[in-house]
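Q: coordinates only, sequence not included:
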């Protein structure tokens, strides 16, 4: 008989497998908007994000020889050469010199195209940091500094991308303008709640719904330290209409939660999806998930055990310390406090891309014994959370979830498995 932790790990592995990019890309390339253009001109592959390599590899396998283009993905997310394509790895979540190098190489491939040519633009989460060329008057250090400030103050992904778009020469629809008159067929793995195309990877080929007025308001809201010349750049408006783009969304956190739901049911757990739009503070979300698990154990509400309580989304962390961790690890560690002493409860939270924050862990997996194990080692969870050092605490409790880079990126999923 499998333990709860074994069942949890199987549900996680199979759920991630269900949202891997390969099948999604194959389905998208059967779309008449793409197939009707085959043979008319050149096909340029431009693939960006954490899932960029796998999306590009699937496209290359389908389209065969004759394609050209470039892939820009996160360090250690490439898995080898792809015929006809240049592969670049760069920094995430903070861009670096390789970001600019990869972006410039990709832009070379879309120069001088005709109306018969097609840019197959494969987009996945992480594209905001991985695909970037600062606007005139903006330096790489400017971009790194303002991104760091936004991450540290707990700005949400839509706010971060609003700023990025207005400081960029490729985001907020500007990449599609650079591809014109070629048609851009965009295939998207969404990592943004609500699947707003102008927010996913900061919308390089999407009409931009955000305004320069909103960008300036975000600066004011968080008290960001911004040079006067950057305020002038933020005041420039982004494209609001694009006539040369077709977009298809092929995966999202909703699909991830549905997969977890189906797999849990197959394993004998009654599934309940609480939400696919979780956006609150990570430690508060972990505490709430623990309270739901405790309610199930004591009263059989909102569903009776054995059950799987599932929540998808992307929480935030406000940095107060200098430790190592990520939002999913803070979620799990906070949940460990709430389920302390409970038998038959396991809670896990993970990033679907396999990397949580600046760590090699996907997230954390805890049970009713985790807090006691840490206390026995002299580790106080409240102290750890204040120092944002969830990684080292979970490591001490053998409670890190290590999947390695998965090749996809559709937000986070948290599961409470109750026996």
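A: Noted; the coordinates are in hand. Remember, predicted model here, so these are calculated numbers, not experimental data.

Q: Only C-alpha atoms from now on, for both contacts and neighbour counts.
A: OK.

Q: what about the strands in the stretch 101-250 of the chain?
A: 118-123, 183-189, 245-251 (DSSP state E, counting those that start in this stretch).

Q: And the ones you listed, which one averages the lowest pLDDT?
A: Across those, strand 245-251 has the smallest mean pLDDT, namely a mean of 90.

Q: What pairs with that strand, parallel or antiparallel?
A: Note on strand 245-251: by DSSP bridges, its sheet partners are strand 183-189 (parallel).

Q: angle of the partner strand against strand 118-123?
A: 20 degrees (axes from the mean of the first three to the mean of the last three Cα atoms, to 10 degrees).

Q: So what's the gap between strand 183-189 and the chain middle?
A: 17 Å (Cα atoms, centre = their mean, to the nearest Å).

Q: Buried residues, that strand. List them.
A: 183, 184, 185, 186, 187, 188, 189 (16 or more other Cα atoms under 10 Å).

Q: returning to what we had before: so which of the strands of the stretch 101-250 of the chain comes closest to residue 297?
A: Of all the strands of the stretch 101-250 of the chain, strand 245-251 sits nearest to residue 297, with 33.5 Å by Cα to Cα.

Q: name the helices or strands packed onto the helix or strand just after that closest one?
A: Using DSSP states H and E, the next helix or strand after strand 245-251 towards the C-terminus is helix 253-266. Packed against helix 253-266 by the contact rule (3 or more Cα pairs under 8 Å, 6 or more residues apart in numbering; DSSP states H and E) you find helix 4-18, strand 270-278, strand 307-313, strand 412-418.

Q: out of those, nearest to residue 164?
A: The closest of the helices and strands packed on helix 253-266 to residue 164 is strand 307-313. By Cα to Cα, the value is 21.3 Å.

Q: What strands line up against the closest one, and which way round?
A: In the sheet, strand 307-313 lines up with strand 270-278 (parallel), strand 412-418 (antiparallel) (DSSP bridges).

Q: of all those strands, which lies closest to residue 381?
A: Of these, the one closest to residue 381 (Cα to Cα) turns out to be strand 412-418, at 19.3 Å.

Q: ok and the closest one relative to helix 4-18, angle-wise?
A: 150 degrees.

Q: what about strand 412-418, average pLDDT?
A: 97.

Q: tell me what the top helix by length along the chain is packed against?
A: Assignment by DSSP state H gives helix 282-299 as the longest helix of the chain. Helices and strands touching helix 282-299, by 3+ Cα pairs under 8 Å, 6+ apart, are helix 327-338, strand 412-418.

Q: how does it look with 10 Å?
A: Judged by 3 or more Cα pairs under 10 Å, 6 or more residues apart in numbering; DSSP states H and E, helix 282-299 is in contact with strand 270-278, strand 307-313, helix 327-338, strand 345-351, strand 412-418.

Q: Show me the helices in the stretch 1-150 of the chain, by range?
A: Here the stretch 1-150 of the chain has its helices, by DSSP state H, counting those that start in this stretch, at 4-18, 21-28, 32-35, 52-63, 97-109, 127-130, 140-152.

Q: Out of these, which gets the lowest mean score?
A: Among the helices of the stretch 1-150 of the chain, helix 21-28 scores lowest, with a mean of 85.

Q: Check the offset of that one from the chain's centre.
A: Relative to the chain's own centre, helix 21-28 is displaced by 18 Å; criterion: Cα atoms, centre = their mean.
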